[in-house]
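> Quick one: sequence plus predicted model below, questions after.
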Amino acid sequence: MAERVEVYEVGPRDGLQNEPGQIATDVKLELIRKLAECGFRRIEATSFVSPKWVPQMGDAAQVMAGVPRREGLTYAVLAPNIKGYQAAKLARADEIAIFVSASEGFSRANLNATIAESLDRLKPVAEAAIADGIKLRGYVSVVVDCPFDGPVSPQQVAGVVEQLLALGCHEISLGETLGRAKPEAVKAMLEAVLGSAPPHLLAGHFHDTGGMALANMDVALDAGLRVFDASIGGLGGCPYAPGAAGNVATEAVARHLQSLGFETGLDLDLLDDAARYAQSLRRTP
Ligand SMILES: CC(C)(COP(=O)([O-])OP(=O)([O-])OC[C@H]1O[C@@H](n2cnc3c(N)ncnc32)[C@H](O)[C@@H]1OP(=O)([O-])[O-])[C@@H](O)C(=O)NCCC(=O)NCCSC(=O)C[C@@](C)(O)CC(=O)[O-]
């Protein structure tokens, strides 16, 4: 039997957060309804962040009120602080994703805090999620290069991963936010991180600005990772990473994994349909 690799869909959150202007809640929900048919176990639906910082996610509660609930499919959302956590819990999020940066420059731009301050701010979120029995995912951004500080040391990434695990995260997603890393740099980063965390606790989150995301994913597969984030239609980017393109496209990841003999549980025709819809929403070049 083929080995399973999970594709964790981030399009409704990571994809749509970067589109200029507002996309109507009903349109977001139509995208999520299409994705819900594809066979994902987890979809990251939205984020409960400050609407002053990311207005595109200002309808997080309405989005969560409309998502189709079904057996075997759960919804994750981002929360940067306890205010976001409380709103996410009220909205019946199944999983909370907290996020920190591996570099100080990106931390300041994305969270208006140092790395240490952001971890302190996330401690009560983690404690509340664990007490409430809600799964906690951790993200580390800019694991290879930072748009403000330049190259990021693999040991620095490993240190942040350790701190997120200490908060109780069941999985840490390693964000190659700029999408320009070469496979050798990803390999060096993973070697350091694997000194702090086994591969089954890690996920790969590759943006595709430089067209290397699938090659970087292969390096992570060789290192034993079996969860990969991807965005339908390749939507997105990060509002605080100037010039970065979207996550690697889900439909490309699913085909790539299939060609390598892995099982994803995803229906490729339904993915293509969802990808066409996602592309029709795109206003970024
Ligand atoms: C962390 C803060 C809030 C600090 O922002 P701040 O301005 O320092 O915080 P604040 O506490 O002073 O709050 C400012 C205002 O926002 C409100 N506020 C505060 N929190 C919330 C909340 N949760 N929900 C709703 N409203 C909130 C708060 O009430 C206040 O409103 P006011 O009093 O002025 O009317 C801000 O920096 C923020 O929201 N940042 C999030 C940025 C973001 O979402 N970035 C994109 C996601 S991360 C990403 O894409 C990377 C990833 C994960 O994909 C991996 C990768 O590829 O790297």
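Sure thing, it's come through.
> Residue numbers of the chain in contact with the ligand?
14, 17, 47-54, 78, 80-81, 83-84, 99, 110-112, 139, 141, 175, 177, 205, 238-240 (CB under 6 Å from any ligand atom). In this view, the C-beta of every residue, glycine as well, is placed from N, C-alpha and C.
> wait, what's in contact with the residue of the stretch 151-285 of the chain found nearest the ligand?
Residue of the stretch 151-285 of the chain nearest the ligand, by CB to the nearest ligand atom: Gly175 (2.9 Å). Residues counted as contacts of Gly175 (CB atoms under 8 Å, 6 or more residues apart in numbering) are Phe99, Tyr139, Val140, Ser141, Val142, Val143, His205, His207.
> what's next to the helix or strand harbouring the first one, contact-wise?
If I follow you right, that is Phe99. Phe99 is located in strand 95-101, with elements delineated by DSSP states H and E. If you take CB under 8 Å, 6+ apart as the criterion, strand 95-101 is touched by 42, 44, 74-80, 85, 88-89, 107, 110-111, 115, 118-119, 122, 125-126, 129, 134-142, 146, 160, 163-164, 167, 169, 173, 175.
> Are any of these buried, and if so which?
Taking 16 or more other CB atoms under 10 Å as the criterion, what is buried in these is 42, 44, 75-80, 85, 88-89, 107, 110-111, 115, 118-119, 122, 125-126, 129, 134-142, 146, 160, 163-164, 167, 169, 173, 175.
> Select from these every entry located in helices.
85, 88-89, 107, 110-111, 115, 118-119, 122, 125-126, 129, 160, 163-164, 167 (DSSP state H).
> picking that back up, report the beta-bridge partner residues of the residue of the stretch 151-285 of the chain closest to the ligand.
Following DSSP bridges, Gly175 is listed with bridge partners His205.
> what does Val100 give?
In beta-bridge terms (that is, DSSP bridges), Val100 pairs with Val140.
> go on, Lys135?
Taking DSSP bridges as the rule, Lys135 bridges to Glu95.
> Distance of it relative to Leu257?
Per CB to CB, to the nearest Å, Lys135 is found 23 Å from Leu257.
> for Ser107, same thing?
Separation of Ser107 from Leu257 (CB to CB): 32 Å.
> can you check Ala128 too?
Look at Ala128 and Leu257: by CB to CB, they are 35 Å apart.
> Which among the residues of the chain next to the ligand count as buried?
Buried among those (16+ other CB under 10 Å): 14, 17, 47-49, 54, 78, 80-81, 84, 99, 110-111, 139, 141, 175, 177, 205, 238-240.
> Looking only at neighbour counts, state which of Ala128 and Leu257 leads.
Taking other CB atoms under 10 Å, Ala128 and Leu257 do not tie; Leu257 has more neighbours (24 against 17).
> Restrict stretch 259-266 to CA atoms and write it as CSV.
Extracted in CSV, the C-alpha atoms of stretch 259-266 (Å, rounded to 0.1, in the frame of the first residue of the first chain):
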residue,chain,number,x,y,z
SER,A,259,4.1,10.6,-9.5
LEU,A,260,6.4,9.7,-6.6
GLY,A,261,4.1,6.9,-5.6
PHE,A,262,2.6,8.6,-2.5
GLU,A,263,-1.1,8.5,-1.6
THR,A,264,-2.7,11.9,-0.8
GLY,A,265,-6.4,11.0,-0.7
LEU,A,266,-7.1,13.9,-3.0
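> Buried residues of it, list them for me.
Quick answer for stretch 259-266 (16+ other CB under 10 Å): Phe262, Thr264, Leu266.
> Identify the residues contacting the residue nearest to Ala45 when sequence neighbours are not counted.
Nearest residue to Ala45 in three dimensions, chain neighbours excluded: Tyr75, at 4.6 Å (CB to CB, 6 or more residues apart in numbering). Contacts for Tyr75 (CB under 8 Å, 6+ apart) come out as Arg42, Ile43, Glu44, Ala45, Met64, Val67, Ala93, Asp94, Glu95.
> so the first one sits right up against Thr74, yeah?
This means Arg42. Yes: taking CB atoms under 8 Å as the definition, Arg42 is a contact partner of Thr74 at 5.3 Å.
> still on that earlier bit, between which two of the contacts of Tyr75 is the distance greatest?
Arg42 and Met64 (14.2 Å; CB to CB).
> Next one, pLDDT for the closest residue to Gly84 other than its chain neighbours please.
Spatial nearest neighbour of Gly84, excluding adjacent residues (CB to CB, 6+ apart): Phe48 at 3.7 Å. Looking at Phe48, its pLDDT stands at 98.
> and if you look at the one 10 residues further on?
Residue-level confidence at Gly58 comes out at 97, pLDDT.
> Great, nothing more from me.
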